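>>> this is a predicted model, with the sequence first.
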Number of protein chains: 2
Amino acid sequence: MENGETKTVPKSWAMVGGDGPRSYAQNSSYQRGVLDVANELMNEGIKETLAFKSPCSDSSNICTFRIADFGCSAGPNTFLAMEKIIEAVEQKYHAQFQNSPPLELQVFFNDVTTNDFNTLFKTLPFYQKYFAAGVPGTFYGRLFPKSTLHLACSSYSLHWLSKVPEEVVDTKSPAWNKGSIQCSGTAKEVAKAYSAQFKTDMDNFLNARAQEIIGGGLMVIIIPGLPDGILMSQTGAGIFNDFFGSCLIDMAKLGVISEEKVDSFNLPLYYSSAKELEEIIKNNGHFCIERLNMLNYPMMKRKLDVQFHISQFRAIFQGLVEAHFGRDDVDKIFEYLAKKLAENYDSVFNVAKHQHVVEHFILLKRNIN
Amino acid sequence: MENGETKTVPKSWAMVGGDGPRSYAQNSSYQRGVLDVANELMNEGIKETLAFKSPCSDSSNICTFRIADFGCSAGPNTFLAMEKIIEAVEQKYHAQFQNSPPLELQVFFNDVTTNDFNTLFKTLPFYQKYFAAGVPGTFYGRLFPKSTLHLACSSYSLHWLSKVPEEVVDTKSPAWNKGSIQCSGTAKEVAKAYSAQFKTDMDNFLNARAQEIIGGGLMVIIIPGLPDGILMSQTGAGIFNDFFGSCLIDMAKLGVISEEKVDSFNLPLYYSSAKELEEIIKNNGHFCIERLNMLNYPMMKRKLDVQFHISQFRAIFQGLVEAHFGRDDVDKIFEYLAKKLAENYDSVFNVAKHQHVVEHFILLKRNIN
C-alpha cells in the first residue's frame, strides 16, 4: 500500500521532536490537562461499552488485545493516556471473565513518518504492561491489516487536515483567504472550503479505521472544536492565530519576509462543532456514536505569560512555519511574534470577552457487519 | 513486561544511524552480498516448508500474515531481505490457495531502543506491499504477544551477545582475557565463558520466539560463524580484531588512552560453529531444524583498501567504542587504526594464509505443541 502522506503533507508537520526546551514533549501541558479531564469519561465509557465476546477470540487459549493510538506525537501524554485506557480495558476484562488467563496487550503508536519515534521509544515507560510498536504513516489512509484492532484512540490530532484546501490559497478562487491565515469563520467561501476538506479527511479516517477495527471494537476521539454557533475568530485561539497572521503581514511590509509567502500561508487546522462531527460520523455509517460530550477545561481562562504561550505555540507550529518560510526565517518570525505579543498582551488575551475552543470527546463503536 | 536491554546492553550498541558517510546504511555492502547469496536458499526453504492451514486463520474471511525481523538496524538491507521473504510467502500462498483473497501482510522491524528508527521509517519503500511497524527492545526477551507471528527472521544479529561475559574482564578470574579484546579461541577458559554466554543468549532468544511464533511457523536465521575446527584467531576477521586490540594496547602505552580501559574492553561478539548451533537448538527443543547450511560468500577473499575496511568496521563498532572509551577518544582510536593498518596492510590481510568466517543459514520450524 502507498505511503500517502509524503504527497499531501509537507515533511515537517510533525510536532517538534526530542526532549529539549523547544520540544513538544516539554510543551504539551495544556493537552495533558485535557487528558486528565477526559480520563474519567473514557474510563466510564470503555467499561460500559466494551464487550469481550469470549476470553479468547481465537482457537488458542491466549488473548491478545490490540490498541492503536493515531497521532501519538512523541510526548509523555501518549503514555499516560494509554495507561488509563489499559486500566479500563483490564478492569472490564477481569470483571467479565473471572479466573481467565491474563490479557496480552499490544499497543501501536502511530504518527507521520517524520515524527520523532526515536524519542518516543526511548521514553517508553520502563515497566510497561504491553508490547509496544511504532507505526509510521498518515492516519488518513490504511495502516493496519483488516479487523486486527480492538480499540483505537486519537487525541488532539484530527483537527490537523491532510492539507490546506487549495482554493483558500488560490488568488483566483472566490474562497481565496486574503489577509488571513486561518479558517476564521467570517468568510463563507473560505469556511466552506475548510469544512469540505475536514469532511473528506474525517471520512477517509473513519473508512480506514472501519477496515482495521473489529466489529464491536471501540474508538475514542478527543478533538478540539467550537461550541455551536461560535466562530473561530471569536475564540481566544482564533484571536491568537489572527494576531500571528497580522504579525506575518507586518513582517512582509517591513520587507523581512516575502509577501507572497505570507499570502500563501494558511494553517491546516479546522475546529468543528459537535453538530458537524455528528453529521459526518452518521453519514459515514461505519460507527455508532456511544458518547459525544464537550469537555470543559478551564485552563485558557487563566492569564498566562507570553513566554509560555510562545513555547507551546512554537512546539506545535515550528515545523509548519519552517517548511513554508524556510529555516532562516523561523527564529525571526517567532521572535517578532513574542515581541508584539508582549506589547499587545491585554488586547490579545482579553479573556473576559473571548469565547473558548472546546474539546469534543467522542466514543464510537464499530458496527458489526 | 520489562524493557530489558537498558540493563544489559550499553546504550550505544546500535549501528551508526542516519544515512551519512559513516552510517551503517552506507557501510553494509558486505552484509548485502551475504543476503544475495542467502536469498535463493531462503526462497526455496520457505516454499518447501511453509504450510498455510487455511486461507484464513480466523473466522473472518481475511488473512493476516505477520512477519518480524529481529535486529533490523536502519540500513536498506532489511527492506531488500523482507521483499524477498514476502515474494516467497506470497508465491506459496497463491500456489496453495487459488482464487483466495489477497494476503494482508504486517511486518515488524525490531532492534534495540537506541536504533535509529527515524531513518528506518523515512527510508521505507514507497510502494511497500505490507503494513510496517517498528518494535523497540532487546530480542533476548519477549517482544510480541503469544502466537502472533507466522514468520521470523534475524540476519547478522545473533552473534552480538547481550553482554560481554563478566569473567573475561575480571582480573581475578581464570577466564580473564588479558591482552586480547575478543574470543580468539586460543584461551580455553575465555572461550568457555564466551560460549556459555552465547548459549544463554540463544536460549533466551529461542524461548522468547517459541512463545511468539505460531505452531508450524518458520524462522530464518543468518549468523556469521566459524567452520568446524577453525579458531577465530585463524580467520581474517579474527586477525583484524587482534590487530585492533594491539593498536589499543599501543595507544595505552603511548599514554593516549587509559590502560585500564583497554584491559576492560572486550567485543561482545561470538562466532559459533554449526555443530554448536545445532546442539543449542536441539537442546532448546522448541524448533525443528529444516535447514542448516554454510554460505560461501567470497568477498573477504578479495583485496580491499584500508578506507573501505575502516568505514565498514567503524559503522558497526563506533557506538561500542564510544560507550567504553568516551566520545573524545573515538576519532583518535579509528585514526590510529587506519594509520597502522596502512603500514601493516600485507600482514593483516595476508589473504592466502587466512581462514574465513562463514555465514550459517538456518531454517527452523516451530513445533506444534
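In hand now; what should we look at?
>>> give me the buried positions along the lengthiest strand in chain A.
Secondary structure of chain A per DSSP state E: the longest strand is strand A:213-226. Going by neighbour count (16 or more other CB atoms under 10 Å in any protein chain shown), the buried part of strand A:213-226 is A:213-214, A:217-226. In short, each C-beta sits where N, CA and C put it, glycine included.
>>> and for stretch A:100-111?
Per 16+ other CB under 10 Å, stretch A:100-111 contains these buried residues: A:103-111.
>>> nearest to B:Leu206, out of the buried residues of strand A:213-226: which one, please.
Closest to B:Leu206 out of these is A:Ile214 (31.9 Å), distances taken as CB to CB.
>>> quick check: phi and psi on the closest residue to the closest one other than its chain neighbours?
For A:Ile214, ignoring the flanking residues on the chain, the nearest one in space by CB to CB, 6 or more residues apart in numbering or on different chains is A:Ser147 at 4.8 Å. The phi/psi pair for A:Ser147 (degrees, to the nearest 10) reads phi 50, psi 50.
>>> what about A:Ser147, distance to B:Gly245?
55 Å (CB to CB, to the nearest Å).
>>> ok, now A:Leu103?
50 Å.
>>> repeat for A:Pro136
Separation of A:Pro136 from B:Gly245 (CB to CB): 40 Å.
>>> what about these two, which has more around it?
Shown here are A:Pro136 and B:Gly245; by other CB atoms under 10 Å in any protein chain shown, A:Pro136 has more neighbours (24 against 20).
>>> tell me the pLDDT of the one residue in the stretch 201-350 of chain A that gets nearest to chain B.
Residue nearest to chain B within the stretch 201-350 of chain A (CB to the nearest CB): A:Ile214, separated by 8.3 Å. With respect to pLDDT, A:Ile214 scores 93.
>>> so for stretch A:41-48, what gets flagged as buried?
Buried residues in stretch A:41-48 (16+ other CB under 10 Å): A:41-43, A:45-46.
>>> what segments of chain A are strands?
Assigned by DSSP E, the strands in chain A fall at A:63-70, A:103-111, A:131-136, A:149-155, A:213-226, A:272-273, A:287-295, A:358-366.
>>> export the ones you listed to TSV and tack on distance to A:Gln96?
Formatted as TSV, the strands of chain A follow (distance: least, CB to CB, whole Å):
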stretch	distance to A:Gln96
strand A:63-70	11
strand A:103-111	11
strand A:131-136	22
strand A:149-155	14
strand A:213-226	13
strand A:272-273	35
strand A:287-295	18
strand A:358-366	16
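>>> how about those strands, which one is nearest B:Ile249?
strand A:131-136 (42.3 Å).
>>> what packs against that closest one?
strand A:103-111, helix A:117-122, helix B:117-122, strand B:131-136 (3 or more CB pairs under 8 Å, 6 or more residues apart in numbering or on different chains; DSSP states H and E).
>>> out of those, flag the one nearest B:Gly285.
Comparing these by CB to CB, strand A:103-111 comes nearest, at 23.0 Å.
>>> check what pLDDT the residue sitting furthest away from the middle of chain A gets.
Distance from the C-alpha centroid of chain A peaks at A:Asn99, with 38.3 Å (CA atoms, centre = their mean). We have a pLDDT of 77 for A:Asn99.
>>> do A:Pro21 as well
67.
>>> next one: A:Leu269
A:Leu269 carries a pLDDT value of 96.
>>> for it, give its distance to A:Gln355.
17 Å.
>>> with A:Asn241 instead?
Taking CB to CB, one finds A:Asn241 at 14 Å from A:Gln355.
>>> does chain B sit close to stretch A:95-111?
Yes: counting by CB under 8 Å from any CB of the partner chain, chain B has neighbours in stretch A:95-111: A:104-106, A:108.
>>> now these in CSV, with distance to A:Pro165 and pLDDT?
Converted to CSV, the residues of stretch A:95-111 next to chain B look like this (distance: CB to CB, whole Å; pLDDT from 0 to 100):
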residue, distance to A:Pro165, pLDDT
A:Glu104, 43, 93
A:Leu105, 39, 95
A:Gln106, 37, 97
A:Phe108, 30, 98
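>>> which bits of the stretch 51-200 of chain A sit near chain B?
A:57-58, A:60, A:62, A:64, A:104-106, A:108, A:113-114, A:116-118, A:121-122, A:124, A:126-137, A:142-148.
>>> now the buried members of these.
By 16+ other CB under 10 Å, these give A:57, A:62, A:64, A:104-106, A:108, A:113-114, A:116-118, A:121-122, A:124, A:128-137, A:142-148 as buried.
>>> now A:Glu212. Nearest residue, chain neighbours left out?
Using CB to CB, 6+ apart, the nearest residue to A:Glu212 is A:Phe144, at 4.2 Å.
>>> which ones are touching the one you found?
Counting by CB atoms under 8 Å, 6 or more residues apart in numbering or on different chains, A:Phe144 touches A:68, A:108, A:135, A:212, B:106, B:131.
>>> contacting residues around the residue sitting nearest the centre point of chain A?
Nearest to the mean C-alpha position of chain A, counting by CA atoms, centre = their mean, stands A:Ser157 at 1.3 Å. A:Ser157 makes contact with A:70-71, A:139, A:223, according to CB under 8 Å, 6+ apart.
>>> how far away is it from A:Phe287?
With CB to CB as the criterion, A:Ser157 and A:Phe287 are 17 Å apart.
>>> gap between A:Ile85 and chain B?
Between A:Ile85 and chain B the computed distance is 17 Å (CB to the nearest CB, to the nearest Å).
>>> tell me the pLDDT of that residue.
pLDDT, read off for A:Ile85, is 92.
>>> same thing with A:Cys153?
pLDDT at A:Cys153 comes out at 96.
>>> all set now, cheers.
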